[in-house]
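> I need the structure of the sequence given here:
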Amino acid sequence: MSIRLLLCDLDGTLVDSLRDIVTSCNLLLTSYGAPALDESTIRPCIGRGVAYLVHGILRAADCPVTDIDAAIARYREIYHAHALDETQLYPGVYDTLALLRKNVPDLRLAVVSNKPERASREVLEAMQIEKYFSMIAGGDTFAEMKPSPLPLQSIMQMMGAAAEETAMVGDSVYDLQAGKAAGVRTIAALYGFQPAEKLKALEPDFSVSAFDEILNIVAETNDVS
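The predicted structure follows:
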């Protein structure tokens with residue numbers, strides 16, 4: 001069955017934003033007088049939304065905060081100021097998106113991230129790739145976020161795509177779990193934030209070591225010569 005809708009995660013899949021996220025996390029912690037954390041401690045907290053991230057780093061830094069909502073709001077402000085300091089597209093992303101549009105004109109693309117929608121749009125616009133996506137959804141766009149299948153199902157319904165003609169590409173277990181729960185094909189981005197072994201354990205339909213390998217998957221499934 002051809003892939004007619006490709007759902008893409010953002011952080012760790014389209015863009016390498018790890019350093020800016022780590023910087024923002026540590027600025028939040030130091031604002032509370034807590035010690036900074038190393039990247040290896042922060043990385044596992046990324047991917048399931050801002051609240052999960054903030055809870056995780058505060059716990060890891062042994063930093064009790066009485067008003068967690070205020071901490072989340074403070075993190076949002078900090079990240080907004082630093083989101084584009086070092087963030088960049090992964091190699092091959094821009095050219096791959098351009099080739100998909102050119103060679104597979106009936107393929108539609110959408111972003112489904114657990115990052116807030118506004119922040120997702122700002123990053124995509126700064127990277128100059130927002131034009132390739134028919135829809136951009138963040139962690140606050142729908143009532144639930146990944147690993148719930150709801151965001152994927154909602155986008156499929158809005159775009160008139162069936163599960164069997166949809167694929168989800170992402171670098172986290174949450175992406176793959178959401179894809180499997182929604183009944184779509186899953187593509188593990190092994191180059192992203194989470195260990196490749198964790199993704200492979202979920203037995204995705206495809207795995208890629210670089211984003212441009214998606215070209216081959218789409219070509220094979222869509223019989224593009």
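> tell me the pLDDT at the residue of the chain most remote from its centre?
Distance to the chain centre peaks in the chain at Gly33, reaching 30.1 Å (criterion: Cα atoms, centre = their mean). With respect to pLDDT, Gly33 has a value of 96.
> residue contacts, the nearest residue to it once chain neighbours are set aside?
For Gly33, ignoring the flanking residues on the chain, the nearest one in space by Cβ to Cβ, 6 or more residues apart in numbering is Cys63 at 7.9 Å. C-beta here means a position set from N, CA and C on the backbone, and glycine is covered the same way. In this structure, Cys63 makes contact with 29, 32-34, judged by Cβ atoms under 8 Å, 6 or more residues apart in numbering.
> Could you chop this structure up by domain?
Annotated domains of the chain cover 5-16+87-222, 18-82 [automatic domain parsing].
> just the helices in the chain please.
18-31, 39-42, 50-60, 68-82, 93-103, 117-126, 150-159, 173-182, 196-200, 214-222 (DSSP state H).
> What count of nearby residues applies to the closest residue to Thr41 other than its chain neighbours?
The shortest distance from Thr41 to any non-neighbouring residue, by Cβ to Cβ, 6+ apart, is to Ala60 (5.3 Å). Look at Ala60: counted by other Cβ atoms under 10 Å, it has 18 neighbours.
> Quick check: pLDDT value at Ala60.
pLDDT, Ala60: 97.
> Please tell me how far it sits from Gly160.
To Gly160, Ala60 is 43 Å away according to Cβ to Cβ, to the nearest Å.
> now swap in Ile136 and tell me
17 Å.
> thinking again about what came up before, next one: the residue farthest from the centre of the chain from Ala81, what distance?
20 Å.
> is it true that Ile46 touches Val173?
No - contact between Ile46 and Val173 fails when scored by Cβ atoms under 8 Å: they sit 11.8 Å apart.
> What would the lowest-mean-pLDDT helix or strand in the chain look like as CSV? C-alpha coordinates only.
Sorting the helices and strands of the chain by mean pLDDT, DSSP states H and E puts helix 214-222 at the bottom, at a mean of 94. Taking Å, rounded to 0.1, in the frame of the first residue of the first chain, the C-alpha atoms of helix 214-222 are listed here in CSV:
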residue,chain,number,x,y,z
ILE,A,214,13.0,8.0,3.7
LEU,A,215,13.2,8.7,0.0
ASN,A,216,13.9,5.0,-0.6
ILE,A,217,11.0,3.9,1.6
VAL,A,218,8.6,6.2,-0.1
ALA,A,219,9.9,5.2,-3.6
GLU,A,220,9.6,1.5,-2.9
THR,A,221,6.1,1.7,-1.3
ASN,A,222,4.8,4.2,-3.9
